[in-house]
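Participant: Curious how this folds, go ahead:
(2 chains)
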Amino acid sequence: MSRKVKIFRYDNAVDKEGRYEEFEIDGTSDMSVMDALNYIYYNIDPSLGFYGHSRCGHGVCARCAVSVNGKNSIACVTPLPEGEEIIIEPVSKDRVLKDLVTKK
Amino acid sequence: MGNLNPHDREIKTDVLAVGGGGAGVTAAISAFRLLDGKGKVTIASKGPVGRSGNTIIAAAGISMDGESAGTYGYDADESFTKEVWFDEIVRQGFHLSDQRIVERFVESAAPRVKELLEWGERAGEYFHFVRPAGFFTSGKAVGSALRQGLKEHPGIEIVEDVIITDILTDDGRCVGAIGIDVYSGEVILFKAKAVILGTGGFQPFSFKCTASDMTGDGIGIALRAGLPVADMEFPLCIPGVCITPASRRGSIFTGIYSMVSETVPGMIPPKTTNGRGDLFSAIIPKPLIEIAKTTGWIKLIYAYYWWREVSEGRGSPGGGVYFSFKDVNIDDFDKGFETLSGMLSLWYKAPMTYQGEDISIFRDEVVGGRDWEVGLGHEYSNGGIVVDENGGTSLPGLYAAGEASSGCFGAYRGNRALVEMIVQGHASGEHAAAYVGEAGELNIDEGQIEKHVGRITKYIDRKKGVSPASVRKRLESTADGGFGFLRDEKGILKAMAELEKIKGEMLPEMATTSKSRVYNPEWMEALAVENLALCLEAGFAAAGMRRESRGTHIRSDHPKVDNDNFLVRIFHLLEGGKLMQSLEKPITTKIEPPKGSVESVMEHILSCLK
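Facilitator: As a prediction, the model looks like this:
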């Protein structure tokens, strides 16, 4: 099923400030936020920056935390919310390093 | 970056343990203890120490020998002696193990496991004793135990989110390593007298039930440093990994359920069927069903028969089999499911969860009249860096431990990888600590550093090219096609040709879209892809050369286990940029290699238990 996801983007090499990009993804009805980000990375835009270099995949390390519709969530165990509007942002725009990744 | 060095930062240490799982942490602690203040120990981990890698994904089981467990006060079966255990591991490995390594494994398991249990208990984790002499726990608990061990040894330097890409050598010994700080993108020079690679295995398939880190980094490092790796043709699968429900694809819960439900009173076990509904209880010969239920041969037996059904066109739509609950009493099933959920809450605090996932969906499927579709999930690689029983390689100052090494389990692992990592971590940690006492001052050649930094930064520097993400997908599809559970000459040759194409056209053109080094996933992917491609090249070459079946290398065109011609390990070495193979006899100490041939891998299993 098709879902629309809006994601905060920021690359310090090219952007002066953050911007939003919308992606249309094709997924299962209860895919996780991490599944959605992986879908975008492997199928649409491989420049997407999100925590992924060492995933516990099971909500243990909390490193993949992002803000989903304003709520801080652990991406690998949070289902992609229902509804038309899904906005994914870094947990802190002040501390953003790249797209959804913030300083440690 | 505004300085004249090819690297951005420098860390000086004596022993560098690479890896934040059981092997790396145990190695660091054992080295630290032996050095007793006379040297520095550093852990460099790709992710958070004790919260990343395959250690925490394990189901998990650890064991010791029965006699030791008895002396520790457990109600053990003392007939499970070190000798019986040694025999079991060697035969399960189809006689390809380096028996020195297996001897060390059975000798050292007890004190190492006891220490891990003690750390775990002090961290508030639960370990459930199971006869003959083992413990069931969660990977998360093992990670937590390791972190407790680190807490009790303050003074070990820990550097996280660093990917080690290569080691440095000088005058015939290891003198350090190069790494990347994932968050800042800085290149770090590690000056170290000894390096221990506890970097885990390689997972090249698309169907994953493992952590994301399994990219064969240590194996790539060793090959590039001119060291041999072996046994690369033997992957290991967990039968029963979830295919559907699709949102739980890759979860091992279904496999755990099916195993545990056989023994826990009140739980309803599924019936395993092929895609046409034929029962595996009628397909698998009865003696093998019994052996599967009671021994470590379970993974190989189920994988063998399930994959035969799938490859002959009788599998499920997703390429697997079914765990079927047709005709079960739903109330009984529900009660049993509650029992399991209760047990799991000993390790996973949130109710109705397993490894962070809500498992009620599995119950809902059954209540709704649907079966679980399951398959073979690749979980561990037997292959890796060639080491001796101390984790030592042929390069002084370089060691490898755990899944990154080879030689313990031969062609099939029916025993505990969690024990392998702590036994080998400990041995290499102590040997590294003793070695650094004797090792003189280091000399690092700037040219070598520049060469390595150039190799790893070229994907950023290259303006345009092929996305590393797409190369990863191509590698996975190549592995899926020709390196799966049932192999043949045609499939292997096709996979080799595809890999040659990837090597020739895609690898040299990889470039990241973003040119910022700051948290650049494509950059990390490019480095991982280089390592995975090397691992696959070795795996395909060995699978092609091994014209027989042994362990998890099963050839439909050569189904016999040929002990006259193939009781050898296949080693790989990078020479002049080319991967070369050699055949080496496995080192034996107590069990002589058998002669003759056996009709099939299943016949070997039956002959072991006569």
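Participant: For residue B:348, see how far away the closest residue to residue B:232 other than its chain neighbours is.
Facilitator: Residue nearest to residue B:232 in three dimensions, not counting chain neighbours: residue B:383, with 3.6 Å by CB to CB, 6 or more residues apart in numbering or on different chains. Any C-beta I mention is one placed from the backbone N, CA and C, and that applies to glycine too. Noted for residue B:383: a distance of 32 Å to residue B:348, by CB to CB, to the nearest Å.
Participant: Likewise for residue B:198?
Facilitator: Following CB to CB, the distance that separates residue B:198 from residue B:348 is 26 Å.
Participant: what does chain A put close to chain B?
Facilitator: A:11-14, A:28-32, A:35, A:41-42, A:45-50, A:52-61, A:63, A:76-77, A:79, A:97-98, A:101, A:103-104 (CB under 8 Å from any CB of the partner chain).
Participant: follow-up on the earlier one: who has more neighbours out of residue B:198 and residue B:348?
Facilitator: residue B:198 (34 against 22; other CB atoms under 10 Å in any protein chain shown).
Participant: phi, psi of the more buried one?
Facilitator: Here is the backbone geometry of residue B:198 (degrees, to the nearest 10): phi -120, psi 50.
Participant: Repeat that for residue B:367.
Facilitator: phi -60, psi -30.
Participant: Identify the residue spatially nearest to it, adjacent ones excluded.
Facilitator: Leaving aside its sequence neighbours, residue B:367 is closest to residue B:330 (5.9 Å, by CB to CB, 6+ apart).
Participant: Equivalent analysis for residue B:270, please.
Facilitator: residue B:323 (3.6 Å).
Participant: And residue B:474, by the same measure?
Facilitator: Per CB to CB, 6+ apart, closest to residue B:474 is residue B:502, 5.6 Å.
Participant: tell me, how many neighbours does that neighbour end up with?
Facilitator: 19.
Participant: which residues touch it?
Facilitator: Neighbour list for residue B:502: B:471, B:474-475, B:478, B:533 [criterion: CB atoms under 8 Å, 6 or more residues apart in numbering or on different chains].
Participant: The one helix or strand residue B:335 maps to - contacts with which helices or strands?
Facilitator: Here residue B:335, judged by DSSP states H and E, is contained in helix B:330-344. Packing partners of helix B:330-344 (3 or more CB pairs under 8 Å, 6 or more residues apart in numbering or on different chains; DSSP states H and E): helix B:253-260, helix B:360-367.
Participant: quick one, which of these is packed in tightest?
Facilitator: helix B:253-260 (a mean of 22; mean count of other CB atoms under 10 Å in any protein chain shown).
Participant: Identify all contacting residues around that one.
Facilitator: Residues contacting helix B:253-260 (CB under 8 Å, 6+ apart): B:59, B:238-242, B:248, B:267, B:269-270, B:272, B:298, B:323, B:340, B:343, B:354-355, B:357, B:359, B:362, B:372, B:374, B:377.
Participant: And stretch A:14-22, by the same measure?
Facilitator: A:4-10, A:45, A:87, A:93, A:96, B:514, B:516.
Participant: Tabulate these (CSV), appending pLDDT.
Facilitator: What follows is the contacts of stretch A:14-22, written out as CSV (pLDDT from 0 to 100):
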residue, pLDDT
A:4, 92
A:5, 95
A:6, 97
A:7, 98
A:8, 97
A:9, 97
A:10, 95
A:45, 95
A:87, 97
A:93, 93
A:96, 94
B:514, 91
B:516, 91
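Participant: ok, those residues vs residue B:489, which is closest?
Facilitator: Looking at the contacts of stretch A:14-22 and their distance to residue B:489, the nearest is residue A:45, at 39.8 Å (CB to CB).
Participant: Tell me which residues touch the closest one, please.
Facilitator: Applying CB under 8 Å, 6+ apart, the residues contacting residue A:45 are A:21, A:23, B:513.
Participant: Is residue B:242 in contact with residue B:207, as I believe?
Facilitator: No. Using CB atoms under 8 Å, residue B:242 makes no contact with residue B:207, being 10.1 Å away.
Participant: so what's in contact with these two at the same time?
Facilitator: With CB under 8 Å, 6+ apart as the test, residue B:242 and residue B:207 both reach B:249-250.
Participant: Neighbour count for the two, which is higher?
Facilitator: Set side by side, residue B:242 and residue B:207 show more neighbours around residue B:242, with 28 against 20, by other CB under 10 Å.
Participant: got the angle for the helix or strand hosting that one vs helix B:360-367?
Facilitator: Here residue B:242 sits within strand B:235-244, counting by DSSP H and E. Calculated by axes from the mean of the first three to the mean of the last three CA atoms, to 10 degrees, strand B:235-244 forms an angle of 70 degrees with helix B:360-367.
Participant: sorry, back to before: list just the nearest of the contacts of residue B:502 to chain A.
Facilitator: residue B:471 (10.3 Å; CB to the nearest CB).
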